[in-house]
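Q: got a structure for you, letters missing:
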DNA sequence: CGCAGATTTGACATTCTTCAAGCCCAGTGG
DNA sequence: CCACTGGGCTTGAAGAATGTCAAATCTGCG
C-alpha cells in the first residue's frame, strides 16, 4: 500500500540533471544498460526486461574524460554517481598540508562517487588514468527507482557496503602489513579484478605510476620499485615498465 | 504512484526477526526512537510524528553486551544493523595470519554493522569496550521503510556514505601521516565526537587500550605511549592512564 | 631523434619496532 | 583493610624497515 507519508514531489526529469553536466553525450541505442557487456558488474543480475527499461530511462548519458583530467573534484556538488564504462580512474584525498593519498583505483564496471552522498559534495578527486568514459547515474532519479524496485534498492545498498568492505581491507593492509606484503596483495588484487572482466589474470598493463601505487599502499615510489625488483629476483613476476607478468601466483599470494 | 514492479512480498514481522536474536530486550516506552536523546545522531532530523511511529514499530528491541563480548563476529549472518545506545565498541578485521586491525571505534549514536550488507554476512568483529547496549534495526524492515519514506531512504544512504568518507580519512592517516600526527588526529577526533554528544571536549576517558589505539592507527602500543608522553612534555595534554585532558587544542590540531 | 618524466638502484638517514625491565593501578581475596 | 597480582603502561637501548637523496637508465611521445 502506498504510504500517506510519501507525499514529497521527487520528480526531476533525467534531462534536467543531465544538462547540468558539461561534456556529456547522449547514449545511442548501443550504449544502454539493457545490452551492456558490463551489466553483470554494475547492475543487479535479476532485473526483468521491464526493469531494464526503467534503468535505461534514467541512465541516458555518458561522459568522456581524457587522461589526467577529473570526473569530479573535492568540493564539487554531488549530483550523480558514476559507473566506469571504459578506462580507469584513481580517487585521491588531499590533506591540508598538500599531501595526497590515493584511496582507490577504479576500473570498468566499478562505481565512483559514492562518497558525495554523505555531505552533498565530493570529498575526493576522481582522475582518469587513461582516456576513459563513465555512465552518469543521476542519484535523485536512482533513489526514486530504488523506492520502487526492491532489487535495485538492495543492489545500491550492496554497492555502498562493498565500498565499506573494500576500504576496511585496505586499512588492514596499511595498518598491519609490510611493504612487501602490500605490493604482493596489490598485484593479486589487480589480477583478480582484471580476470573478472575477461582479461588475463597473469599479464596486464598497470595504468598508474609507481608513485600512485606507493601513495595507495602507503609507501614511497622507490619502495614499490624495490619490491617489484625483489619479486622479479624471486621469480614471482616479470616487469617491463608498467607491463606486469605474474609467473607464480601462489608464491605471490603467500608473500 | 505505486509501481507495478513493486510486487514482491517483503513482509516479515519485526517479531520474527527479533526472535532470531538472543539476549534481546523488548523496548519499553521510554526506549523509543521518538523520545530518544540520541535521535538527532542516528535518525533524520525532519521526521514527522507519524514517521516516528513507523520507526518505533521497526526498532522494537535492544541488546546488552558486556565488556569484551561481541555484538557480531566475522562470518555471522547479517540480519540487522545497530545503533550504539550506550557504551562503545571496536570493530576488528582479522588477517589469515592472525594479525588484527582495529577499523573503528563506535560510540553512542553511531551505526554498526553496515559491512554485512555487501555479502550477507559480517566481515569484522564488533566487540564492546565497556558494558554497552545497542538498538537492533532489522535491515529488511528498514529497507521496506526506505522504499516508502524518502527522508529515511536518503538518511540510510548518508549513513553508508558517511562510513565510506570516514574510512578514506583513516586511510589518509595510515598512508600519509607520521605516528605523531596520527595520535594527535585521533585525540582531536575523539574530542569532537564526544563534544557532539554533550561531553567535555577537553577531558575524557578513553575506553580502549594503548594496544587498540595502536592497531587502529597502524603503530605499536609503545609508539602510542611515547607520543602521549611527548605531547605531555610539549604541554599539549595531560594523561593519567586512560584519562586524557587536552590542554592546548590548537596545538594538537597543528601537530 | 631527443627530451621529459618515469623507473631503478645505491648509500645513508630517520622513524618506528622489538625486546627488556620496571612501574602503576584496579580488582581480589585473605 | 591491605597486600598481592596481573594487565596495562612507560621508558630505554638496539635493530630493522622504510624514507631520503642522488645518480644513472629507460621509455614513450612529440
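A: Arrived safely. Please read these numbers as outputs of a predicted model, since none were measured by experiment.

Q: okay, CA-based contacts and neighbour counts for the rest of this
A: Noted.

Q: could I get the full set of strands for the stretch 101-250 of chain A?
A: Secondary structure of the stretch 101-250 of chain A by DSSP state E, counting those that start in this stretch: the strands cover A:111-112, A:125-128, A:132-138, A:203-205, A:237-240, A:243-246.

Q: out of these, which comes closest to DNA strand D?
A: For those, proximity to DNA strand D was assessed by C-alpha to the nearest atom of the strand; strand A:237-240 is nearest, at 5.7 Å.

Q: distance from the chain centre to that closest one, please.
A: Remark: strand A:237-240 is offset 25 Å from the chain centroid, using C-alpha atoms, centre = their mean, to the nearest Å.

Q: buried sites along that strand?
A: The neighbour-count check on strand A:237-240 (16 or more other C-alpha atoms under 10 Å in any protein chain shown) flags A:237, A:238, A:239 as buried.

Q: nearest to DNA strand C, of the strands of the stretch 101-250 of chain A?
A: Nearest of the strands of the stretch 101-250 of chain A (C-alpha to the nearest atom of the strand): strand A:237-240, 6.2 Å.

Q: hmm, that closest one touching DNA strand D?
A: Yes: interface with DNA strand D: strand A:237-240 contributes residue A:240 (C-alpha under 7 Å from any atom of the strand).

Q: contacting residues for residue A:24?
A: A:18, A:61, A:62, A:63, A:64 (C-alpha atoms under 8 Å, 6 or more residues apart in numbering or on different chains).

Q: chain center to stretch A:161-171, what's the gap?
A: Centroid separation for stretch A:161-171 versus its chain: 13 Å, with C-alpha atoms, centre = their mean.

Q: in that stretch, which residues are buried?
A: For stretch A:161-171, burial by neighbour count (16+ other C-alpha under 10 Å) applies to A:161, A:162, A:163, A:164, A:165, A:167, A:168, A:169, A:170, A:171.

Q: and which of those residues is nearest to residue B:220?
A: residue A:171 (15.4 Å; C-alpha to C-alpha).

Q: how close does that closest one get to DNA strand C?
A: 14 Å (C-alpha to the nearest atom of the strand, to the nearest Å).

Q: let me see the contact set for the residue lying closest to that residue once chain neighbours are set aside.
A: Once flanking residues are discounted, residue A:171 sits nearest to residue B:171: 6.2 Å by C-alpha to C-alpha, 6 or more residues apart in numbering or on different chains. If you count contacts by C-alpha under 8 Å, 6+ apart, residue B:171 has them with A:101, A:103, A:170, A:171, A:174.

Q: do stretch A:138-158 and chain B come into contact?
A: Yes: among the residues of stretch A:138-158, A:143, A:146, A:147, A:148, A:149, A:150, A:153, A:154, A:157, A:158 lie within reach of chain B under C-alpha under 8 Å from any C-alpha of the partner chain.

Q: who wins for most neighbours among those?
A: residue A:147 (24 neighbours; other C-alpha atoms under 10 Å in any protein chain shown).

Q: not counting sequence-adjacent ones, nearest residue to that one?
A: Spatially, and ignoring its direct neighbours in sequence, residue A:147 is nearest to residue B:147 (3.9 Å; C-alpha to C-alpha, 6+ apart).

Q: from the contacts of residue B:171, which land in helices?
A: A:170, A:171, A:174 (DSSP state H).

Q: quick check, nearest of those residues to residue B:219?
A: residue A:174 (10.2 Å).

Q: so which residue of the stretch 1-150 of chain A comes closest to chain B?
A: Using C-alpha to the nearest C-alpha, the closest approach of the stretch 1-150 of chain A to chain B is made by residue A:147 at 3.9 Å.

Q: go ahead and confirm that residue touches residue B:148.
A: Yes: assessed by C-alpha atoms under 8 Å, residue A:147 is found in contact with residue B:148 at 6.6 Å.

Q: tell me the one of the ones in helices among the contacts of residue B:171 nearest DNA strand D?
A: Nearest member of the ones in helices among the contacts of residue B:171 to DNA strand D, counting by C-alpha to the nearest atom of the strand, is residue A:174, at 9.8 Å.

Q: quick check, pLDDT for that closest one.
A: Note on residue A:174: pLDDT of 95.

Q: show me the contacts for the residue nearest to residue A:147.
A: Residue B:147 makes contacts with A:146, A:147, A:148, A:150, B:153, as judged by C-alpha under 8 Å, 6+ apart.

Q: tell me how far it lies from DNA strand D.
A: Residue B:147 sits 44 Å away from DNA strand D, going by C-alpha to the nearest atom of the strand.

Q: against residue A:113, how distant is that residue?
A: Distance, residue B:147 to residue A:113, by C-alpha to C-alpha, to the nearest Å: 22 Å.

Q: then residue A:206?
A: Distance from residue A:206 to residue A:113, counting by C-alpha to C-alpha: 22 Å.

Q: more neighbours, the two?
A: residue A:113 (22 against 15).

Q: near DNA strand D, which residues of chain A are found?
A: Residues of chain A found near DNA strand D (C-alpha under 7 Å from any atom of the strand) are A:177, A:178, A:179, A:180, A:218, A:219, A:220, A:222, A:223, A:240, A:241.

Q: include distance to residue A:55 when you put the residues of stretch A:138-158 next to chain B into a markdown table, please.
A: Rendered in a markdown table, the data for the residues of stretch A:138-158 next to chain B read as follows (distance: C-alpha to C-alpha, whole Å):
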| residue | distance to residue A:55 |
| --- | --- |
| A:143 | 12 |
| A:146 | 10 |
| A:147 | 13 |
| A:148 | 12 |
| A:149 | 10 |
| A:150 | 13 |
| A:153 | 12 |
| A:154 | 15 |
| A:157 | 17 |
| A:158 | 17 |
